[in-house]
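Q: I need the structure of the sequence given here:
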Amino acid sequence: MKRLAFFFMLIASLGHPNVLLAQNDYDIIIRNGRIVDGTGRSSFIADVAIKGDRIARIGRLDKARARRVIEARGLVVAPGFIDMLGQSEIFLLIDPRAMSKVMQGVTTEITGEGESVAPMNERIIRENEDFYRRYNLKVDWRTLDEYFRRLERQRIGLNIGTFVGATQVREYVIGYENRAPTPAELERMKQLVAEAMRDGALGLSTSLQYVPARFAKTDEIVELAKVARSYGGIYATHQRSEANAIDSSLEEVFEIARRAQIPVEIWHLKTAYKKNWGRMPEILRRIEQARRNGLDITADVYPYTAASTSLTACLPPWALEGGIEKTLARLADAPTRERLKREIMTDSNDWENIYLGSGGASGVLIGSVVNPALEKYQGKRLAEIAAEQGKDPLDALFDFIIADRGQTGAIYFMMSEEDLRAALRAPFVSICTDSGARAIDGPLSGSKSHPRGWGSYPRVLARYVREEKLLSLEEAIHKMTGLPAARVGLRDRGLLREGYFADVVIFDPERVRDRATFEDPNQYPEGIDFVIINGRIVVDGGKHTGVLAGRVLRGPGHHPANGR
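A: Sure thing, here's the model as predicted:
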């Protein structure tokens, strides 16, 4: 009788959640998927089991049980994609979901291009106060550790790691002037880099095309890079020229790598402006030769032939010196405008004339604005806006900068498809978006951007893998996962491997595609069915679950005394 009573009690208890949990071996099992593990090796069919935030088993798990079973027959199971340059550090404070990234399979973003999120002081805050005011953003951090702690308190939609910007520490100490630092100022800049490295920065970064980064000489960068290297960091750069002066710019990259004895990542590698089209194979050969000579140089690209940056990048460096208020005053002065027109319409190797390099106003498209009154111009070419307003194109450009107080993001059509394909094929080149995370709803939905922020990874998988067969699926996934993870030293991420963090993307290789266009970028892709971040399902059947499962990823120099 006692045995029979116990049997009925056991049967009744199976509906109790605690008892049910005890019967499950794992939290999630992904069954029968085509595993592309991120190493570049051939794919294979297997099951993946997740327990907590880790991958517990990979193999045949027919008898294992889990809270949730995902049938992945006919689908690809890969590590979550890693955006080698993402630009979402501020956007995550406005909308933590990171929808445009997560919906395309990105589980980790690397950011901090020259102007990083910290260190922060009042001078830097004032320079960007129009943006902060638009989104009611309170800048309540000053150090990288304080920023990281804010993210952890509010929670975030993907994993994020950042570099400390050489531009940022220059602005912090010197401001926006065109001069070298004094010995005391350089020492303070080095201290700020060291503090950021101890807080968890991945290394040092530069954006040398832009003001005031352009005012920094090679020696200054080398000294800061040495500090980052002493903490195990790398150096990442938007190099000084991607166009007419790319040869000397590349030599500077190699010199910094050699003198600072530091690995280097060249962000969004390109050979820009029509006069330089066709030069990518030559540039790749030079990088390969530097690698053979012992320099640790890698690069990344986004899969589009248009770039994106501020509309103010159309101006020569002297027009931007001293900060936004001085720039706006210059643009309001009639004689200065005439000087600007002459210089912008003259080809030069001395600065990156992105307006002329894009073919003029017809090659410049308004991407994002901060002034709500200008939102109607998003997605329009500058030539079209000038015609509507009955203005000279350069006058339209100057007036637009004034109206948006220098906050406009623009898209520049200036690269060739063949150069892009050459870069994509290079084994040392990974993938990035170079774009901040946005969403089709919420506080960032009124602002548009480059389609790369919505579709880079599906675009590679659809266009360059499935349609053109430029890359094998295994090669492409390696460039999106294992390669960038190893480059920035992410521990236990970037591969499908037992014991690694459970960042996983499951997609249909026949259906995956990007939908974002230059004119209408705010569209999520198709074919990304499931995204798992740190063991939690964030995209389920193509729908976002609302789960914020991301984590802060601190770099090799992180010291517990500086942060958690």
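
Q: from here on, contacts and neighbour counts on C-alpha atoms
A: Fine.

Q: for Met480, what are its contacts?
A: Remark: with contacts taken as Cα atoms under 8 Å, 6 or more residues apart in numbering, Met480 is in contact with 38, 81-83, 430-431, 457.

Q: Tell me which of these fall in strands.
A: Judged by DSSP state E, the subset of the contacts of Met480 located in strands is 81-83, 430-431.

Q: remind me which residues of this structure are low pLDDT?
A: Applying pLDDT under 70 to the chain picks out residues 1-23, 561-564.

Q: Partner strands of the top strand by length along it and their direction?
A: Secondary structure of the chain read by DSSP E shows that its longest strand is strand 26-35. Strands that pair with strand 26-35, judged by DSSP bridges, come out as strand 44-51 (antiparallel), strand 66-71 (parallel), strand 76-79 (parallel).

Q: what sits up against it?
A: Outside of strand 26-35, the residues within contact range by Cα under 8 Å, 6+ apart are 43-52, 64-78.

Q: List the buried residues in stretch 357-374.
A: Judged by neighbour count (16 or more other Cα atoms under 10 Å), stretch 357-374 contains these buried residues: 357-358, 360-371.

Q: taking those one by one, which sit in helices?
A: Gly357 (DSSP state H).

Q: With distance to Arg421 added, can I get the buried residues of stretch 357-374 in a markdown table?
A: A markdown table is the format used below for the buried residues of stretch 357-374 (distance: Cα to Cα, whole Å):
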| residue | distance to Arg421 |
| --- | --- |
| Gly357 | 20 |
| Ser358 | 20 |
| Gly360 | 25 |
| Ala361 | 26 |
| Ser362 | 24 |
| Gly363 | 21 |
| Val364 | 23 |
| Leu365 | 23 |
| Ile366 | 26 |
| Gly367 | 25 |
| Ser368 | 28 |
| Val369 | 31 |
| Val370 | 34 |
| Asn371 | 37 |
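
Q: Filter the buried residues of stretch 357-374 down to the ones in strands?
A: 364-368.

Q: and Ala243, which of the three is it?
A: coil (DSSP: H, G, I helix; E, B strand; the rest coil).

Q: need the contact list for it.
A: Each residue near Ala243 by Cα under 8 Å, 6+ apart is listed here: 270-273, 276, 352.

Q: rewinding a little: can I get the ones in strands among the contacts of Met480 in a markdown table with distance to Val552 and neighbour count?
A: Compiled in a markdown table, these are given as follows (distance: Cα to Cα, whole Å; neighbours: other Cα atoms under 10 Å):
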| residue | distance to Val552 | neighbour count |
| --- | --- | --- |
| Phe81 | 16 | 32 |
| Ile82 | 14 | 32 |
| Asp83 | 14 | 31 |
| Ser430 | 22 | 30 |
| Ile431 | 21 | 29 |
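
Q: if we take those, which one ends up nearest to Ile477?
A: Minimum separation from Ile477 among those (Cα to Cα) is found for Phe81, which lies at 7.9 Å.

Q: hang on, the closest one packs against Phe507?
A: No: shown here, Phe81 and Phe507 do not form a contact pair, counting by Cα atoms under 8 Å, at 11.7 Å.

Q: Distance from the chain centre to stretch 64-82, please.
A: If you compare the mean C-alpha spot of stretch 64-82 with that of the full chain, they lie 25 Å apart, counting by Cα atoms, centre = their mean, to the nearest Å.

Q: Are we agreed that Ile411 is in a helix?
A: No: counting by three-state DSSP, one finds Ile411 to be strand, located in no helix.

Q: just the strands in the stretch 451-564 of the chain please.
A: 504-507, 528-533, 536-540, 543-544 (DSSP state E, counting those that start in this stretch).

Q: could I get those strands as TSV with distance to Arg286?
A: Compiled in TSV, the strands of the stretch 451-564 of the chain are given as follows (distance: least, Cα to Cα, whole Å):
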stretch	distance to Arg286
strand 504-507	35
strand 528-533	37
strand 536-540	41
strand 543-544	43
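
Q: Do a quick rundown of the helices in the stretch 351-500 of the chain.
A: Secondary structure of the stretch 351-500 of the chain (DSSP state H, counting those that start in this stretch): helices at 354-357, 382-389, 393-403, 417-425, 452-459, 473-480, 482-488.

Q: Highest mean neighbour count out of these?
A: Comparing these by mean neighbour count (mean count of other Cα atoms under 10 Å), helix 452-459 comes out on top with a mean of 28.

Q: That one to helix 473-480, inter-axis angle?
A: Following axes from the mean of the first three to the mean of the last three Cα atoms, to 10 degrees, one obtains 150 degrees for the angle between helix 452-459 and helix 473-480.

Q: Check which helices and strands helix 452-459 is in contact with.
A: helix 99-102 (3 or more Cα pairs under 8 Å, 6 or more residues apart in numbering; DSSP states H and E).

Q: contacting residues for the most centrally placed residue in the chain?
A: When Cα atoms, centre = their mean is applied to the chain, the residue found nearest the centroid is Gly86 (1.3 Å). If a contact means Cα under 8 Å, 6+ apart, then Gly86 has 109-111, 432-437 as its contacts.

Q: and of the residues you listed, the nearest to Ile266?
A: Ile266 has its nearest neighbour among those in Cys432, at 11.3 Å by Cα to Cα.
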